[in-house]
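# no sequence for this one, just the structure:
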């Protein structure tokens, strides 16, 4: 495809319009699209050793329509790109 456009201009990356509208690259949003391609849910902030960070968790099914949006294999493949802090 020769058209240059933002990936969010195309619903093909999302199962439904509601998910497309809800997902953001902002880590403080409720649903976050990580650089790895994973869609994560924001569980809130956590403070440890005087530093505050956002707690994000993977989701497998769309919270709006129930479609499987990422498999366990998708998550496992992308986790190599994600920094996990415990």
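Sure, I can see it. The structure displayed is predicted, hence computed values, not measured ones. Numbering: from 1, shown residues only.

# quick one, strands of the protein?
Ranges of strands within the chain are 23-24, 31-33, 39-48, 51-58, based on DSSP state E.

# got TSV for the ones you listed, with mean pLDDT, distance to residue 13 and mean neighbour count too?
In this view, the C-beta of every residue, glycine as well, is placed from N, C-alpha and C. As requested, those are arranged in TSV below (pLDDT from 0 to 100; distance: least, CB to CB, whole Å; neighbours: other CB atoms under 10 Å):
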stretch	mean pLDDT	distance to residue 13	mean neighbour count
strand 23-24	93	9	16
strand 31-33	93	9	19
strand 39-48	92	10	13
strand 51-58	90	17	12
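
# any chance of CSV for these, columns distance to residue 75?
Output for the strands of the chain, formatted as CSV (distance: least, CB to CB, whole Å):
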stretch, distance to residue 75
strand 23-24, 16
strand 31-33, 14
strand 39-48, 10
strand 51-58, 5
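
# ok, what's across the strand from the closest residue to residue 52 other than its chain neighbours?
Nearest non-adjacent residue to residue 52, counting by CB to CB, 6 or more residues apart in numbering: residue 45, 5.4 Å away. As for beta bridges, residue 45 partners with residue 54 under DSSP bridges.

# can you pull the contacts of residue 45?
Counting by CB atoms under 8 Å, 6 or more residues apart in numbering, residue 45 touches 52-55.

# which non-adjacent residue is nearest residue 78?
Closest to residue 78 by CB to CB, 6+ apart is residue 36, at 4.1 Å.

# perfect, I'm done here.
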